[in-house]
Structures are given as structure tokens and as C-alpha cells.
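Novice: Have a look at this prediction, sequence included:
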Amino acid sequence: MTTDPLAPRTDLRERVRAGEITFGAFASVASPTAAELMGRSGLDWVILDLEHSTLTETDLLAGIYALQATTATALVRVEEATRLRIGRALDFGAEGLMLPRLETPDEVRAAMSWMRFPPDGIRGLALSTRGAGKGEVAHADVHRLNDSILGVFQVESPVAVAKAAEIAAIDGVDVLFVGPADLSHSMGIPGEITNPAFIEALETVSAACREHSKAAGILLRGAAEVGRHVDMGFRFLGIGSDGGWVRDGARATVSAARASLG
């Protein structure tokens, strides 16, 4: 029995592009064990977060290994959308990337070029890396690996919202993902996620994604918010993080224990 080195490990990109609703979470506590537990929970994807967490690039390979022992797709949010950061995460074997702080179509196209091997982009190639098949993919076939990499681009500013339709039109942009904290702060309405202006921004992003058959994504505060955002057209839904679940679970248990004393 042989394994095709060009076959994607999961079909997440295909599902996202088909408009399926998927659920995921952020890995933020630099623990492969915690990442694996999330991967075994039934989540469709888990993002190893190098931007806002205790993870560093040193932790990345172990986290990817842990997730790839599960059915969840192993994604990485890079520290910044630069050639080296993008290339390193993909070489480690990330099955998709979340790219923060991009605002214009030109910035997105540049980042996309670093995510794709030639002729679709200018990603650097070392055949021995995990992301290139560990030497099991022939030079003539390397470009086919481009097809399985999920591209998630964050919308975190009014400029990015205004450019959402242009960004969504770019080939390889699979998801426009709203970061509610960054977007609301940059709009001058910090944390006001029910503010009419914020809702209008969400609707703009969702409409841009519908227009170009891309997925709208967002980080939610919990499962109770899923229905409302699905009704708005969001399909790529972040529903928490390992750190948040540890904190909330611990607080609830401690509170219940103290309450039991009367």
C-alpha cells in the first residue's frame, strides 16, 4: 500500500470553497497536548497562533505534528505576512495560513505569491521539507501542492473592509476573516460588536465573499453567537481557544465548588 504524497491530508479547502460551515479554534498556550485535545474534539480546523499567544516558531513543528495526529486541519497564523514567516510555516507542514494586518489587494497578492510554488507564485523550494513532501514529490509535480493550501486573510481595519470585494476577487483568497477586537478598535468603537457601524462592516465583508464565492469568517465569543452570524453569511467560524476554555472552565468549576459550601 502506498500513500500519494500529493494528496491533501484533509479536504478542508474543498469544503470551505463549497460553502460548507466549518468550526475551529485557536491554539494559544504552546502545548502540543492541548492542540491535540482540540483536534480530537470534533473541530474542523485549529490555528496555531504565532501572533497573539505564547507560541513561538520553536513550538510550531510539535503543534503541527500533534494536530496531524487528529482529523482537524492544522493551520498557522503567522507573526506577520512576510516571505520568511510564510515560507517557514508552510515548510513545517502547515495546511493553510491565516495572514494578519493586510489591507490592500496589492499586499494580499504579494503574500499570496509567497504561499505558492512557481508558476503560481514565488515560494522558495526545498524538496526535503515537510511542506514539499519530504523528497517524495518530483520537481515536475511540486506546483500541484499549491492546490491544498488554505488561504485565510484577516479583515482588521476600515481600509480592509472597504477593499473587501477587491481582496475576495483574488485567486487563492479562500476566507476573509474578521478579527472583531482589532476591527472594532480601529473603527473607534472598541469592543462594540453590536454597534450599527460594526454590523455594517460585517455585512460588507459577508457580501464581498458571497459576490466572489469565498467564505466569510469571524472569531465568535461562543456557540451562542453562531446562529446570528450564520444568518449574516459567515461560514468559517472560530468558536474559542484552548487558553479561553481553560480559563472559563476553571472559573466555572471553582465558582461552583465555592457555591456548594452555601
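Specialist: Arrived safely. Small disclaimer: the values here were computed from a predicted structure and weren't measured. Residues are numbered from 1 along each chain as shown.
Novice: what separates R221 from L261, distance-wise?
Specialist: In this view, R221 and L261 are 30 Å apart by CB to CB, to the nearest Å. C-beta: built from backbone N, CA, C; applies to glycine.
Novice: higher neighbour count, those two?
Specialist: Shown here are R221 and L261; by other CB atoms under 10 Å, R221 has more neighbours (12 against 5).
Novice: I'd like the distance between that one and S241.
Specialist: According to CB to CB, R221 stands 11 Å off from S241.
Novice: Same question for I47.
Specialist: Distance of I47 to S241, given as CB to CB: 9 Å.
Novice: can you list residues touching both of these two?
Specialist: Common contacts of I47 and S241, defined by CB atoms under 8 Å, 6 or more residues apart in numbering, comprise 25-27.
Novice: What about these, which are in strands?
Specialist: Counting by DSSP state E, the members of these that fall within strands are 25-27.
Novice: from those residues, which single one is nearest S186?
Specialist: F26 (19.9 Å; CB to CB).
Novice: For the residue lying closest to the closest one once chain neighbours are set aside, grab the count of nearby residues.
Specialist: Nearest residue to F26, sequence neighbours excluded (CB to CB, 6 or more residues apart in numbering): S241, at 4.1 Å. S241: 22 surrounding residues under other CB under 10 Å.
Novice: And for S186?
Specialist: By the measure other CB under 10 Å, the count of residues near S186 is 17.
Novice: ok, it to G240 distance?
Specialist: Distance of S186 to G240, given as CB to CB: 23 Å.
Novice: Then T71?
Specialist: The gap separating T71 from G240 is 18 Å, by CB to CB.
Novice: just D171 next, same as before
Specialist: For D171 relative to G240 (CB to CB), the value is 31 Å.
Novice: Look at those two and report which has more neighbours.
Specialist: More crowded of D171 and G240, by other CB under 10 Å: G240, with 19 against 11.
Novice: Let me see the ranges of the strands in the protein.
Specialist: Taking DSSP E to define them, one finds strands in the chain at 22-27, 45-49, 73-77, 96-99, 150-155, 175-178, 215-219, 234-241.
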